[in-house]
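**Student:** coords please:
(2 chains)
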Amino acid sequence: MKESVSQRADTELTEELFERLLLWLDADRERAGQRYEEIRVQLIKIFTSRGCLISEELADETINRVAKRVQQIAETYEGDPALYFYGVARLIYLEYLRRKPAPQPLATSAASEEEELKYECLEQCVERLTPKNRELLRAYYRDDDEEKVDHRKEMAERLGMELNALWVRMHRIRERLRQCVTECLMRKRGSDS
Amino acid sequence: MDRMTINEASIRRYLLGEARDEEQEQTERRLMTDREYFQDFLRLEEALIDEYIRGALNKHDRERFENYFIKAPERRESLEFAKALRRYVTQDATLNSEKVAGLGREGLPPVFVSWQARSRAVIASLACVALLFVACTAWLLAERARLKGQVEQLQTERGEAARSEEELKQQIDQQGALSDSLVQRLNQAQAELEEKEQEIARLREANAPGQNAADAGLVSMLLAPELHRGGEAPRVAYLSKGSNRLRLKMVVEGERYKMYRAEVRTAEGVEILRSDELKAKASRNQMIVEIELAAGRIAQGDYMIALSGAAGDGGYEKISTYHFRVVRR
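**Tutor:** Have a look, this model is predicted:
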């Protein structure tokens, strides 16, 4: 499947195309870069929500295809460019359905070692968080009953922030942890082989 | 049901694969264009995983979760990570409580044990009273010193925690203020940009070779249908002294009709224009219905357009609404 996608994609995004794409998204390069990242994550989430097995590749394929058309459309297109990406993403999804790969096998008992490895990494990564963030993480997940949301609400009030702001902060901590665990796993696998 | 609740219900249906085609498309379009909505989506996605792990989903949702939501590898990975995190926090909490319990059992100083032995000796022999008294006093002094040290340490830690919390609050306040200021500047810049664009368009039209003199004062604006009332700021038309007409192009979505009716009302509900037998025309992959208003008839303020399609029985069915604002310069 990966081969077919990359073959179809024809796909390396040249620097020139990429620069033109960024310019279309925003005249300010920094803001354009941020918007590009946002659009990529949004596309991945949409493909994931539609049950695609290769969401990241499909999102990149979408971006590449839009980049190739930017020169033709930039002058005349009206509205939010993100919606143009969405239109192309829908076509890519239909193409994906036609050549859908076989579902991935479910995890087996052999995966338990991998799970333990992951857990070791998680422990190490939590220890690397700042003491404040570590304490926040523990407090956020401490209660496990039905009153959990209320517990978090109280926690947010104690910290003088909205519940949503607390969630955003926890989301960042979790994403940092995930990144750390992924890197740790790569290191461990590298040292095993 | 307030806006957030409607959003949450819709996102949840989408996550569990229960949204119909139209709702699915609407949700995805908003995911692409509305940052706040996207953040709600991420939060609810995480909450769903959380509920699944805690066994808090009902039977139906649990089935949808297992048969649809978790199909994508990214979601399976998220579930595994959430399980590991939960396991870590649970084990960590257990470990801490054991440490605390251990202190309670083993934390008695040896002097206390010897004091207990001596107290038994006191019962056996009054002669030991004096010795016991000395031992007790020594122990009490030592214990008092130890407790005093603990209290001071706790006070120091409490002070540090309060300072940390205060710092955190200040950081959040600063970030909030910065964010508000950025949003304000962004809105201002967008309004200015919109005004300039309209001015440029007007000047272009006025200067175009062979341009009809009647088009010189035309201000044109594209309007998208409103998905949720009050959800977005209206588009703004800037009318200068030279503007004599305002052309409004409404994007039509969904079912198509042969004829359309547009009713323009002020924010107070006063109708200022009704136009029947309008036809939609294609423009850049969109269907557009256009109306024009004499600029002199439009005062500064907010307006709403109700667009209806001609039904077979001679009546009109409401399709969508559009909001815009007029600012006079």
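**Student:** ok, which stretches of the chain are helices?
**Tutor:** This is for chain A. A:2-9, A:15-25, A:29-49, A:55-73, A:81-98, A:111-128, A:131-142, A:148-159, A:163-192 (DSSP state H).
**Student:** oops, chain B please
**Tutor:** Along chain B, counting by DSSP H, helices occupy B:3-15, B:21-33, B:35-53, B:59-67, B:73-106, B:110-124, B:129-207.
**Student:** and these, which one averages the lowest pLDDT?
**Tutor:** When the helices of chain B are ranked by mean pLDDT, helix B:110-124 comes last with a mean of 49.
**Student:** redo the helices of chain B as JSON lines? Include distance to A:Glu135 and mean neighbour count.
**Tutor:** The way it works is simple: take the backbone N, C-alpha and C, and place the C-beta from them, glycine included. Listed next are the helices of chain B as JSON lines, based on distance: least, C-beta to C-beta, whole Å; neighbours: other C-beta atoms under 10 Å in any protein chain shown:
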{"stretch": "helix B:3-15", "distance to A:Glu135": "29", "mean neighbour count": "16"}
{"stretch": "helix B:21-33", "distance to A:Glu135": "33", "mean neighbour count": "17"}
{"stretch": "helix B:35-53", "distance to A:Glu135": "20", "mean neighbour count": "18"}
{"stretch": "helix B:59-67", "distance to A:Glu135": "31", "mean neighbour count": "14"}
{"stretch": "helix B:73-106", "distance to A:Glu135": "11", "mean neighbour count": "14"}
{"stretch": "helix B:110-124", "distance to A:Glu135": "33", "mean neighbour count": "12"}
{"stretch": "helix B:129-207", "distance to A:Glu135": "9", "mean neighbour count": "12"}
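**Student:** can I get these in TSV with distance to chain A?
**Tutor:** Formatted as TSV, those follow (distance: least, C-beta to the nearest C-beta, whole Å):
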stretch	distance to chain A
helix B:3-15	7
helix B:21-33	4
helix B:35-53	5
helix B:59-67	10
helix B:73-106	4
helix B:110-124	33
helix B:129-207	5
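**Student:** among the ones you listed, which comes closest to A:Arg40?
**Tutor:** The closest of the helices of chain B to A:Arg40 is helix B:21-33. By C-beta to C-beta, the value is 11.3 Å.
**Student:** other SSEs contacting that closest one?
**Tutor:** helix A:29-49, helix A:81-98, helix B:3-15, helix B:35-53 (3 or more C-beta pairs under 8 Å, 6 or more residues apart in numbering or on different chains; DSSP states H and E).
**Student:** point to the residue nearest the middle of the chain.
**Tutor:** In the absence of a named chain, this looks at chain A. The centroid of chain A falls nearest to A:Val41 when counting by C-alpha atoms, centre = their mean (4.9 Å).
**Student:** my bad, the chain I had in mind was chain B
**Tutor:** B:Glu36 (3.8 Å).
**Student:** from B:Asn7, how far off is it?
**Tutor:** Per C-beta to C-beta, to the nearest Å, B:Glu36 is found 9 Å from B:Asn7.
**Student:** what of A:Ile92?
**Tutor:** 26 Å.
**Student:** what's the answer for A:Leu166, then?
**Tutor:** 19 Å.
**Student:** find the nearest non-adjacent residue to the residue of the stretch 201-329 of chain B found nearest chain A, please.
**Tutor:** Residue nearest to chain A within the stretch 201-329 of chain B: B:Leu222 (6.0 Å; C-beta to the nearest C-beta). Distance criterion C-beta to C-beta, 6 or more residues apart in numbering or on different chains; nearest residue to B:Leu222, sequence neighbours excluded, is B:Lys249 at 4.8 Å.
**Student:** the one you found against B:Ala224, yeah?
**Tutor:** No - at 10.1 Å, B:Lys249 and B:Ala224 do not qualify as touching, with contact defined as C-beta atoms under 8 Å.
**Student:** for the closest residue to B:Leu16 other than its chain neighbours, which residues are in contact?
**Tutor:** The spatially closest residue to B:Leu16, leaving aside those adjacent along the chain, is B:Arg64, at 4.0 Å (C-beta to C-beta, 6+ apart). B:Arg64 is in contact with B:Leu16, B:Gly17, B:Glu18, counting by C-beta atoms under 8 Å, 6 or more residues apart in numbering or on different chains.
**Student:** which of those tops the neighbour count?
**Tutor:** B:Leu16 (19 neighbours; other C-beta atoms under 10 Å in any protein chain shown).
**Student:** now the helices of chain B as a markdown table including distance to A:Cys121?
**Tutor:** Shown next, in a markdown table, are the helices of chain B (distance: least, C-beta to C-beta, whole Å):
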| stretch | distance to A:Cys121 |
| --- | --- |
| helix B:3-15 | 28 |
| helix B:21-33 | 31 |
| helix B:35-53 | 19 |
| helix B:59-67 | 26 |
| helix B:73-106 | 9 |
| helix B:110-124 | 42 |
| helix B:129-207 | 27 |
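**Student:** A:Thr76 is nearest to which of those?
**Tutor:** helix B:129-207 (13.8 Å).
**Student:** could you check the angle the closest one makes with helix A:148-159?
**Tutor:** Here helix B:129-207 runs at an angle of 90 degrees relative to helix A:148-159 (axes from the mean of the first three to the mean of the last three C-alpha atoms, to 10 degrees).
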